[in-house]
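Enquirer: Return atomic coordinates for the entry below.
(3 chains)
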Amino acid sequence: MTATSMLFSCSMHVGVSNPMMASKSSACCLSNRPSSHSKSISSCGQFGVSGKSKLLCRASALQVESAPSFSVGQKFQFDDVIEAQQFDRETLNAIFEVARSMENIRNNSSGSQMLKGYLMATLFYEPSTRTRLSFESAMRRLGGDVLTTENAREFSSAAKGETLEDTIRTVEGYSDIIVLRHFESGAARRAATTASIPVINAGDGPGQHPTQALLDIYTIEREIGKLDGIKVGLVGDLANGRTVRSLAYLLAKYHDVKIYFVSPNVVKMKDDIKEYLTSEGVEWEESSDLMEVASKCDVVYQTRIQKERFGDKINLYEEARGKYIVNQDVLKVMQNHAVVMHPLPRLDEIEVEVDSDPRAAYFRQAKNGLYIRMALLKVLLLGW
Amino acid sequence: MTATSMLFSCSMHVGVSNPMMASKSSACCLSNRPSSHSKSISSCGQFGVSGKSKLLCRASALQVESAPSFSVGQKFQFDDVIEAQQFDRETLNAIFEVARSMENIRNNSSGSQMLKGYLMATLFYEPSTRTRLSFESAMRRLGGDVLTTENAREFSSAAKGETLEDTIRTVEGYSDIIVLRHFESGAARRAATTASIPVINAGDGPGQHPTQALLDIYTIEREIGKLDGIKVGLVGDLANGRTVRSLAYLLAKYHDVKIYFVSPNVVKMKDDIKEYLTSEGVEWEESSDLMEVASKCDVVYQTRIQKERFGDKINLYEEARGKYIVNQDVLKVMQNHAVVMHPLPRLDEIEVEVDSDPRAAYFRQAKNGLYIRMALLKVLLLGW
Amino acid sequence: MTATSMLFSCSMHVGVSNPMMASKSSACCLSNRPSSHSKSISSCGQFGVSGKSKLLCRASALQVESAPSFSVGQKFQFDDVIEAQQFDRETLNAIFEVARSMENIRNNSSGSQMLKGYLMATLFYEPSTRTRLSFESAMRRLGGDVLTTENAREFSSAAKGETLEDTIRTVEGYSDIIVLRHFESGAARRAATTASIPVINAGDGPGQHPTQALLDIYTIEREIGKLDGIKVGLVGDLANGRTVRSLAYLLAKYHDVKIYFVSPNVVKMKDDIKEYLTSEGVEWEESSDLMEVASKCDVVYQTRIQKERFGDKINLYEEARGKYIVNQDVLKVMQNHAVVMHPLPRLDEIEVEVDSDPRAAYFRQAKNGLYIRMALLKVLLLGW
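Expert: Model prediction:
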């Protein structure tokens, strides 16, 4: 699957209770099974007979809707979390509202028991301890329980040649929701198509990592207080970083956003995203002056230069790596309300001295991942 | 330990409350300590002082009893689950009855809390994610908790030369029940002899995998509605597959069973099982015609040809592998009530197109593993 | 860090509610922030905002206080468990009192729920299944929950070059307490300095393993009934074993203790500990006669000769290994009230025939690790 087709593929799971959404899905979907869809995930019981049915749709382009008012009564249905593109502005707002309520869940003697009796399987085909712990913490904070596989690639069955689909059909018998990390692009969609219980994509190779994209945009909203009208500087490895690509995509859903790309030449943002932003009316420019960009932006989103992508060309890597560093000098030109973000892990592209500045938002950003994942687990298992 | 001695060794743990069983144990056991045995596992507290005592018996052959009526009041005592041979027909019936009640445990707000406060240690010396997740799901579905080791072979202590017995004596201090997967035949029995808490064998090398055997026979009973008078085709790798060997052994406990062996010549069923079946009066025949066998059988039990057993002889493997495939053609000749089973993982010995046929029972079979394990955990920790 | 500096470094976290301790901390600490310290760990909520503040102090030597009476009302504050040296006699007593109450927690239908809603992260950079299971069992026995990393060294972030500090700042967002096992001496202190939630050192390379030291001294107190006036034989690898070094250190806090060192020449106790004992007025002697020592001692503390420390010199290892074995002959000369201890795993330095003797205390010792860790988790998360 090419980057372009990934960018524009869409997977919407909409409920019949939302006329606007339902009509949208009628328009773009090959098959529409609203009657079966009324057995939604909210009826997912302990033993995983969820009656999940899916409306998969694919369109050649996504229109950004003008923002209708969101009321709590409306239910945006989705059965799985597969890619950033499945969320429109209203769904994002609704998820953020739930995430914010998760921040308020406190240790009143025993924590929330909202998901008591539910079992999440973390099926990780490649290690990603940060993401795994974040999901498992989210599940446990809501009273749910966890089945863990730290390295499902050595899953004896996978090693013996079992297909992902067969593994999913086995694991769905043991759990109520599957969090899948896989090394192959598209694996999450295959899993979701097979599973009768919800699947969350926790990263599928070079493909998607939608919960990272959600926590990024949520963090901007939390830190800056708005998403319309903001200026965002994307810095570092823009060619290989799926987080900056997804973030750029999601930012296009908001009004009057301006994006600056600041990157070494070898890892510049690819044309597909630039063309998409242009088609969506989002202003963007490339710059080689981090200081100037930092002085204008609400968000400086720094990323790690990914050494593993350079192979033998170690000198190219070294050259790229040292080029744009966030340090005290950058902080000095940044506005008081602006923040520095980073998907982590960081090496030296943000100096440690920056950590103590209140504008260093990256550890708060990591923690927001917890709230976003709590929100998604809650919505997928219990509904809104 | 040779295959023959394994086949005919027996480990019965019988309670004094059952006169028939007790007398049987008197007859075949070298040591009979009914007085100490009254401190049974049901008194196993949170901190593992279970007062478990064991009646190990060894006989040169097992007689199949005629079936006395089973009443719920009778208590068949067993302290560990070590091998398929330890279960007689009545105990199997009793376990199946508990397993069936487990299917009814539903998500009434918070699931069952039957095993709340109990801690299961999954001590896996070789990876078997499917089996591990199944046990851990079973424990959690009953409200219990889990200590996990995904790869105890690298257990620092084992690497330093600690004996299995010492490891068991440490782990029993931390948990209430141990689920052991080991690479050595006989390891589970050694662990059970050492431990003062119950041990469940989750596979010990080429030895036993009794919970797989139990879920197989339970699945036949659930799918076909009976075990007496059935016809079962065992297909594929009958030489190396411990599941088909155990299944054949257990089927011999029922009346008027007929077994067909369908396998490539290089992996034919071994003589020990054939001789045992003959001695038990079970009719069996070998056939090379899968279609004819499939048309007659209630159960077509397909297995994977185990490549890892062929070593260098890759052409022998390839020849064996393609020989007997369950596909649409086989489905066409099968009776309506018949089912296809497989211990999983499968490669291409059952074609994917078969999955959507209601007679494809293998994923239901995997799920039955959950109920069987729930039942065993319940009985071992709480009694009947 | 040299062994000497480790030995004499001290980390005391004292509360203002204890005047004697507070004045001690004033005397030895560079910075004293009692006002901020009133926000102690006991206020640590589910989401880890603990307001932990630390009084780190370093002195060139520790005085052993004469023992003031300990009353339950006094609160000895500590925020982290980093090294054996941070505990004085009173704190040890207080911890042992809590540990003893943990032995009484029984399976009254559902076990203790004292730590319900709390989440412990076991961040293990090298495998140590025994220690990890012990901590995880402790947490679960108190109703708490666990996030596990069996091999954090392959933590994708660490592999990509993330610092321990950054990992800690991420993981503290997901949990309420961190149990850290690391391959580098001093790692636990670095983690504790970074974290705003409590950190327990579960072994940092050749550095410290304080919970092992605590369970050793607790076991002696439980088995012998006192710590003052006892005779202890430390046997085996005294050069490399951090457990015997820490134990010797802690024993110096008690009165009229006599220590015998019995070891092959190549692995003799190092001078730093001998000098420290002398400076503290503790009587010690070296002996090559295990039988004579065993006949006099209350505790024979045997250790494994660590093959991994000998490198190529395999003949030196073999010579050292067979020299001092605890067997029936040793048992015969030991007093009736005396015990054999061992930090485990053992190879053949204690013969298996010893296990059945009531004076074989090493498996009880392992179990005491559970109670000590339960006590520490309780105190760090809930206070005294």
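Enquirer: where do the helices sit along the stretch 151-300 of chain A?
Expert: A:156-159, A:164-171, A:187-194, A:210-224, A:242-251, A:271-279, A:290-296 (DSSP state H, counting those that start in this stretch).
Enquirer: mind putting those in a markdown table, mean neighbour count, mean pLDDT and distance to A:F124 included?
Expert: Every residue, glycine included, has its C-beta placed from N, CA and C. Below are these laid out as a markdown table (neighbours: other CB atoms under 10 Å in any protein chain shown; pLDDT from 0 to 100; distance: least, CB to CB, whole Å):
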| stretch | mean neighbour count | mean pLDDT | distance to A:F124 |
| --- | --- | --- | --- |
| helix A:156-159 | 17 | 63 | 12 |
| helix A:164-171 | 22 | 95 | 12 |
| helix A:187-194 | 22 | 97 | 12 |
| helix A:210-224 | 23 | 97 | 14 |
| helix A:242-251 | 24 | 93 | 17 |
| helix A:271-279 | 16 | 96 | 28 |
| helix A:290-296 | 19 | 98 | 35 |
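Enquirer: Residues of the stretch 201-350 of chain A that sit close to chain C?
Expert: Proximity of the stretch 201-350 of chain A to chain C, by CB under 8 Å from any CB of the partner chain, involves residues A:304, A:344-347.
Enquirer: and if we set it to 7 Å?
Expert: Along the stretch 201-350 of chain A, the residues adjacent to chain C under the rule CB under 7 Å from any CB of the partner chain are A:344-347.
Enquirer: Out of the helices of the stretch 151-300 of chain A, the one nearest C:P127 is which?
Expert: Nearest to C:P127 among these is helix A:156-159 (19.7 Å), distances taken as CB to CB.
Enquirer: Need the distance between the two termini of stretch A:273-286.
Expert: Start and end residues of stretch A:273-286 are separated by 13 Å (CA to CA, to the nearest Å).
Enquirer: quick revisit: just tell me which of the helices of the stretch 151-300 of chain A ends up closest to chain B.
Expert: Of all the helices of the stretch 151-300 of chain A, helix A:156-159 sits nearest to chain B, with 3.8 Å by CB to the nearest CB.
Enquirer: The stretch 201-350 of chain A: strands as residue ranges?
Expert: Secondary structure of the stretch 201-350 of chain A (DSSP state E, counting those that start in this stretch): strands at A:231-235, A:258-262, A:283-286, A:299-302, A:339-341.
Enquirer: distance of the nearest residue to A:Y174 once chain neighbours are set aside from B:P343?
Expert: Leaving out its chain neighbours, the residue that sits closest to A:Y174 by CB to CB, 6 or more residues apart in numbering or on different chains is B:S137, at 3.8 Å. With distances taken as CB to CB, to the nearest Å, B:S137 is found 18 Å from B:P343.
Enquirer: hang on, the earlier thing: and of the strands of the stretch 201-350 of chain A, who's closest to C:H337?
Expert: For those, the distance to C:H337 is smallest for strand A:339-341, at 64.1 Å, taking CB to CB.
Enquirer: How is chain A divided into domains?
Expert: Domain segmentation of chain A under the TED database yields A:80-104+A:111-208+A:369-382, A:211-366.
Enquirer: Identify the residue spatially nearest to A:F363, adjacent ones excluded.
Expert: Distance criterion CB to CB, 6+ apart; nearest residue to A:F363, sequence neighbours excluded, is C:R169 at 5.0 Å.
Enquirer: thought that neighbour was touching A:R364?
Expert: No - under the criterion of CB atoms under 7 Å, C:R169 is not in contact with A:R364, lying 10.3 Å apart.
Enquirer: rewinding a little: which one of the residues of the stretch 201-350 of chain A next to chain C is nearest to chain C?
Expert: A:P345 (3.5 Å).
Enquirer: check contacts around the closest one.
Expert: A:304, C:157, C:160, C:162, C:166 (CB atoms under 7 Å, 6 or more residues apart in numbering or on different chains).
Enquirer: Could you do A:N368 as well?
Expert: Contacts of A:N368 (CB under 7 Å, 6+ apart): A:215, A:218-219, A:222.
Enquirer: any weak-confidence spans in chain A?
Expert: A:1-76, A:106-110, A:153-159 (pLDDT under 70).
Enquirer: now with 80?
Expert: Scanning chain A for pLDDT under 80 picks out A:1-77, A:106-111, A:150-160, A:308.
Enquirer: shouldn't A:H182 be in contact with A:A202?
Expert: No - under the contact definition of CB under 7 Å, A:H182 does not touch A:A202, with a separation of 8.6 Å.
Enquirer: Compare those two and say which is more crowded by neighbours.
Expert: Taking neighbours as other CB atoms under 10 Å in any protein chain shown, A:H182 and A:A202 compare with A:A202 leading, 26 against 23.
Enquirer: burial measure for the nearest residue to the more buried one once chain neighbours are set aside, as a count.
Expert: In space, and not counting its chain neighbours, A:A202 is closest to A:R181: 4.3 Å by CB to CB, 6+ apart. By the criterion of other CB under 10 Å, A:R181 has 26 neighbours.
Enquirer: So what does the residue nearest to A:A138 when sequence neighbours are not counted look like in phi/psi?
Expert: Here the nearest residue to A:A138 in space, its sequence neighbours aside, is A:R373; by CB to CB, 6+ apart that works out to 3.8 Å. Phi and psi for A:R373, reported as degrees, to the nearest 10, are phi -70, psi -40.
Enquirer: same question, the one 10 residues further on
Expert: Torsion angles at A:G383 (phi, psi; degrees, to the nearest 10) stand at phi 80, psi -180.
Enquirer: Give me the neighbour count for it.
Expert: By the criterion of other CB under 10 Å, A:G383 has 14 neighbours.
Enquirer: Against A:W284, how distant is it?
Expert: 37 Å.
Enquirer: With A:G225 instead?
Expert: Taking CB to CB, one finds A:G225 at 22 Å from A:W284.
Enquirer: The two - which one has more neighbours?
Expert: A:W284 (19 against 10).
Enquirer: can you pull the contacts of that one?
Expert: Residues in contact with A:W284, defined by CB under 7 Å, 6+ apart, are A:259, A:261, A:274, A:277.
Enquirer: Closest one of those to B:F96?
Expert: Closest approach to B:F96 among the contacts of A:W284 (CB to CB): A:L277, at 61.7 Å.
Enquirer: Fine by me, thanks again.
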